[in-house]
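**Student:** here you go, sequence then predicted model.
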Amino acid sequence: MTEIDSAATMRAISQHVLGGPEVLTEVQLPQPVPGPGQILVRVRAAGLNPTDWFHRAIPGLFLPEPPFVLGWDVSGEVAAVGIGVTLFRPGDEVFGMLPYPGGHGACAEYTVGPARAFARKPAVLDHVQAAAIPLAALTAWQALVDVAALGPGQRVLIHAAAGGVGHFAVQIAKARGAYVIGTASAPYHAFLHGIGADEVIDYRSTDVAEAVSAVDVVLDSVDDDNSVRSLRTLRPGGRLVTLRAMGPRDLATEADALGVRAVRMLVEHDRAGMAALAGLVEAGTLRPTIAGTFPLSEAAKAHALGDTGRTVGKLVLTVP
């Protein structure tokens, strides 16, 4: 275990009420201390995801009432290790996803998390790029690989393919040898073809459920109605994974009636998944797209941009 100053403080982005981006404020908080099996990370960059703006504004999600510090995506250096940690030493560069949802706290100068939530940062990435990967790419990896068992030669339909999860899912599916069909509005088609999509469909002008058929896997992050329509695109025995962990429809029953399978999924912190993603990065088959970077002090501006829903790729906070 590394000795650290238990009286040290740090800058963090917190909120005392739910609401719009304006509720986010910079505060001074005690620097966390790593417990057994944990590491203290000096945050160099923190990736943002739609779950950040949802938890900032919407009551009744996974977190208790504020105050709290949001953020799950981290890239930085190990500052200290807790009892029993053998994977890392102070000074190691790491990236990872804090346990979702209760392990939030990345939007700060320091954060703590289980050592096994992290992997070594690939040297080919800077901290901004590395921080853009964990939650969104782990979501795509777990959905396509762990849940759907996507393999070579299979056909996959990825909704919202230009978004944070979607653009990683396209690359992961191509790395798995799949034929990739993505949905996006017309301005994003060239981008998706550039990262490997075989077909791109404009969902605004085309009924995707009529245009696509005989796919093995559907990845949907839109809503339950879209998932139900997408069940018709699956071949018998196909799998739909929705990232809406809760919803009004009984997707499993509706899928059973069509001879297919539907699963709701919530991302989990995952050292093996992080190592697999690092391997794809080092092989040159996975790269994040950065929609914008903001210093920690301008977190509210980043959230305001995220609220628009019009970004391609990921927003990242930098912590100089």
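**Tutor:** Nice, thanks for sending it over.
**Student:** name the element Met246 belongs to?
**Tutor:** Under DSSP states H and E, no helix or strand contains Met246.
**Student:** now it, nearest residue through space, not along the chain?
**Tutor:** Arg264 (7.3 Å; CB to CB, 6 or more residues apart in numbering). Every residue, glycine included, has its C-beta placed from N, CA and C.
**Student:** and the one you found, what are its phi and psi?
**Tutor:** Backbone torsions of Arg264, given as degrees, to the nearest 10, read phi -90, psi 140.
**Student:** give the contact list for it.
**Tutor:** The contact partners of Arg264, by CB atoms under 8 Å, 6 or more residues apart in numbering, come to 242, 244-247, 251.
**Student:** now do it, the pLDDT please.
**Tutor:** Per-residue confidence (pLDDT) for Arg264: 97.
**Student:** kindly state the beta-bridge partners for it.
**Tutor:** Beta-bridge partners of Arg264, counted by DSSP bridges, are Thr242.
**Student:** coming back round to it: between the contacts of Arg264, identify the one with the most neighbours.
**Tutor:** Thr242 (25 neighbours; other CB atoms under 10 Å).
**Student:** right, and it touches Met265 too?
**Tutor:** Yes. Using CB atoms under 8 Å, Thr242 is in contact with Met265, at 7.0 Å.
**Student:** if we can go back for a sec, ok, so of the contacts of Arg264, who is nearest Ala117?
**Tutor:** Ala245 (19.3 Å; CB to CB).
**Student:** my read: the closest one touches Leu266, true?
**Tutor:** Yes. Ala245 is in contact with Leu266 according to CB under 8 Å; the separation is 4.3 Å.
**Student:** sorry, back to before: distance of the residue nearest to Met246 from Val78?
**Tutor:** According to CB to CB, to the nearest Å, Arg264 and Val78 sit 34 Å apart.
**Student:** tell me, what's touching Ala245 and Leu266 both at once?
**Tutor:** With CB under 8 Å, 6+ apart, Ala245 and Leu266 have no common neighbours.
**Student:** contacting residues for Ser185?
**Tutor:** 202-204.
**Student:** now those: which count as buried?
**Tutor:** Among those, the ones that count as buried by 16 or more other CB atoms under 10 Å are Tyr203.
**Student:** Ala137 in helix, strand or coil?
**Tutor:** What DSSP: H, G, I helix; E, B strand; the rest coil gives for Ala137 is helix.
**Student:** should've said Pro34
**Tutor:** coil.
**Student:** pLDDT score for Gly60?
**Tutor:** 88.
**Student:** likewise Ile4?
**Tutor:** 61.
**Student:** go on, Gly292?
**Tutor:** Looking at Gly292, the pLDDT reads 97.
**Student:** same check, this time on the one 5 residues further on
**Tutor:** The per-residue pLDDT reported for Ser297 equals 98.
**Student:** contacts only, for it.
**Tutor:** So Ser297 contacts 11, 26 (CB under 8 Å, 6+ apart).
**Student:** distance of it relative to Arg11?
**Tutor:** 8 Å.
**Student:** and what of Ile39?
**Tutor:** Taken as CB to CB, the span from Ile39 to Arg11 is 20 Å.
**Student:** comparing those two, which residue is more hemmed in?
**Tutor:** Taking other CB under 10 Å, Ile39 and Arg11 do not tie; Ile39 has more neighbours (27 against 15).
**Student:** which intervals of the chain have sub-threshold pLDDT?
**Tutor:** 1-6 (pLDDT under 70).
**Student:** any idea which residue is closest to the centre of it?
**Tutor:** The centre of the chain sits closest to Ala136, judged by CA atoms, centre = their mean, with a distance of 1.9 Å.
**Student:** just checking, that residue touches Ile172?
**Tutor:** No. If you go by CB under 8 Å, Ala136 and Ile172 don't touch, sitting 10.8 Å apart.
**Student:** phi, psi of Val85?
**Tutor:** The phi/psi pair for Val85 (degrees, to the nearest 10) is phi -80, psi 130.
**Student:** is it true that Gln171 touches Ala197?
**Tutor:** No. Look at Gln171 against Ala197 with CB under 8 Å: they stay out of range, at 9.5 Å.
**Student:** which of the two has more neighbours?
**Tutor:** Ala197 (27 against 23).
**Student:** so the more buried one touches Gly182, yeah?
**Tutor:** Yes. Between Ala197 and Gly182 a contact is recorded at 4.4 Å, counting by CB under 8 Å.
**Student:** chain neighbours aside, what residue packs nearest to Ala140?
**Tutor:** Ala169 (3.8 Å).
**Student:** isn't that neighbour right next to Gln142, touching?
**Tutor:** No. Applying CB under 8 Å as the test, Ala169 and Gln142 come out as separate, 10.7 Å apart.
**Student:** more neighbours: these two, which one.
**Tutor:** Taking neighbours as other CB under 10 Å, Ala169 and Gln142 compare with Ala169 leading, 30 against 19.
**Student:** and the strand or helix carrying that one, what other elements does it pack with?
**Tutor:** If you go by DSSP H and E, Ala169 is part of helix 164-175. Packing partners of helix 164-175 (3 or more CB pairs under 8 Å, 6 or more residues apart in numbering; DSSP states H and E): helix 134-141, strand 155-158, strand 179-183, helix 189-194, strand 215-220, helix 271-283.
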